[in-house]
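**Student:** here are the coordinates; sequence isn't available:
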């Protein structure tokens, strides 16, 4: 009973080591678990249950095949009052069914085994074989948990008596040396310079008093915002166009729109812009309200309806870089 408890405790405690069959990689593992002796030819073992501790190393030639070597220590068995413990070294081929690219798999292993054991103060040596099945879950590409069952043929043989051993184990694997994943080659990009145009419509009611051309504080700030928005452009050029509504004579509206355009141009220069290519008053040309105010009655109502026509347009042209994927 004590032996069984020890085996379970050791099995529960082991949870380190590493991963699976990642191609062209090495792995190292540790395991622990419960062992059972199969009595043949009337060996008459009085205690057939014990525990197993082991280490292994493997080289993964592919995700489905590896060559490995094990060392196992088994203890806790008795034949009457004679205590038996074994040491086994085996080499094996590991054949796997991969479950993912990290190294999770289901596997079968087989190979020769060499066992030496102590019984009643004497050491014996035997050649046998190992077979096993198991499964491995890769937590990531360098760490995995492994569980399996191994059967050791001729783990004990003397004077016609023979015992084989089976052990159920839990372990873990650590994988290292796998080739680093090849980073995808980014498609080449081409930077292309293109000429773009930005149009800013500033309401006359924001820039000037009604029927006036002197810039307000809010108007100066609006112009500063236009200048700031063009900072990402290169080789910029500014054109300024003033417009009025249709109320009043053509001559008056032309003069007022020119004064407003010039006021905005002067403020642009104050803001550091020295590439104003046009400062032009266009009077009541190009109304944006169309004919929607034709049916409006009352002077103030008409003035309010025509407000969108009273404006200054700042047209900014400049170069920007456009990235194109090849």
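**Tutor:** Received the coordinates, thanks. Note that the coordinates shown come from a computational prediction; the quantities given were computed from them, not determined experimentally.
**Student:** For residue 46, list the residues it contacts.
**Tutor:** 78, 79, 80, 81 (Cβ atoms under 8 Å, 6 or more residues apart in numbering). In short, each C-beta sits where N, CA and C put it, glycine included.
**Student:** what about the strands in the chain?
**Tutor:** Under the criterion DSSP state E, the chain contains strands at 25-40, 49-60, 65-79, 82-98, 105-119, 122-138, 143-158, 161-176, 189-203, 234-243, 276-281, 311-325.
**Student:** Turn the ones you listed into CSV, columns for mean neighbour count, mean pLDDT and distance to residue 217.
**Tutor:** Formatted as CSV, these follow (neighbours: other Cβ atoms under 10 Å; pLDDT from 0 to 100; distance: least, Cβ to Cβ, whole Å):
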stretch, mean neighbour count, mean pLDDT, distance to residue 217
strand 25-40, 21, 90, 71
strand 49-60, 20, 93, 75
strand 65-79, 19, 89, 79
strand 82-98, 19, 90, 73
strand 105-119, 18, 90, 75
strand 122-138, 17, 90, 68
strand 143-158, 21, 88, 67
strand 161-176, 21, 88, 69
strand 189-203, 12, 91, 14
strand 234-243, 20, 95, 19
strand 276-281, 16, 94, 22
strand 311-325, 16, 89, 16
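**Student:** would you turn those into CSV with distance to residue 300?
**Tutor:** Shown next, in CSV, are those (distance: least, Cβ to Cβ, whole Å):
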stretch, distance to residue 300
strand 25-40, 85
strand 49-60, 88
strand 65-79, 92
strand 82-98, 83
strand 105-119, 85
strand 122-138, 79
strand 143-158, 80
strand 161-176, 84
strand 189-203, 17
strand 234-243, 20
strand 276-281, 25
strand 311-325, 19
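**Student:** With respect to residue 250, which of these lies nearest?
**Tutor:** In terms of Cβ to Cβ, the element of these nearest to residue 250 is strand 276-281, at 11.4 Å.
**Student:** Please work out the angle formed by the directions of the closest one and strand 311-325.
**Tutor:** 150 degrees (axes from the mean of the first three to the mean of the last three Cα atoms, to 10 degrees).
**Student:** Show me the contact partners of strand 276-281.
**Tutor:** Taking Cβ under 8 Å, 6+ apart as the rule, strand 276-281 contacts 237-242, 254-262, 264-265, 268-269.
**Student:** got it, and stretch 242-255?
**Tutor:** By Cβ under 8 Å, 6+ apart, the list of residues contacting stretch 242-255 reads 204, 256-261, 264, 280-287, 302-303, 306-307, 309-313.
**Student:** circling back to that earlier point, report the two of the contacts of residue 46 separated the most.
**Tutor:** The span of the contacts of residue 46, defined through Cβ to Cβ, is set by 79 and 81 at 8.2 Å.
**Student:** For the closest residue to residue 85 other than its chain neighbours, give the beta-bridge partners.
**Tutor:** Once flanking residues are discounted, residue 85 sits nearest to residue 75: 3.9 Å by Cβ to Cβ, 6 or more residues apart in numbering. The partner list for residue 75 in beta bridges (DSSP bridges) reads residue 51.
**Student:** ditto for residue 169
**Tutor:** Beta bridges link residue 169 to residue 33, residue 148 when assigned by DSSP bridges.
**Student:** Which pLDDT value goes with residue 9?
**Tutor:** For residue 9, the pLDDT comes out at 40.
**Student:** I should have written residue 304 there, sorry.
**Tutor:** Reported pLDDT at residue 304 in the predicted model: 89.
**Student:** Residue 103: which of the contacts of residue 46 is nearest?
**Tutor:** residue 78 (39.4 Å).
**Student:** Next up, the contacts around the closest one.
**Tutor:** Counting by Cβ under 8 Å, 6+ apart, residue 78 touches 45, 46, 47, 84.
**Student:** Just flag the most distant two among these.
**Tutor:** Using Cβ to Cβ, the pair of the contacts of residue 78 lying farthest apart is 46 and 84, separated by 10.3 Å.
**Student:** one step back: would you list the contacts of residue 78 in a markdown table and tack on distance to residue 103?
**Tutor:** Formatted as a markdown table, the contacts of residue 78 follow (distance: Cβ to Cβ, whole Å):
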| residue | distance to residue 103 |
| --- | --- |
| 45 | 38 |
| 46 | 42 |
| 47 | 37 |
| 84 | 36 |
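**Student:** Tell me the one of the residues you listed nearest residue 221?
**Tutor:** residue 47 (94.1 Å).
**Student:** what is that closest one paired to in the beta sheet?
**Tutor:** Beta-bridge partners, per DSSP bridges, of residue 47: residue 78.
**Student:** Does it touch residue 75 like I think?
**Tutor:** No - using Cβ atoms under 8 Å as the test, residue 47 is too far from residue 75 to be in contact (10.6 Å).
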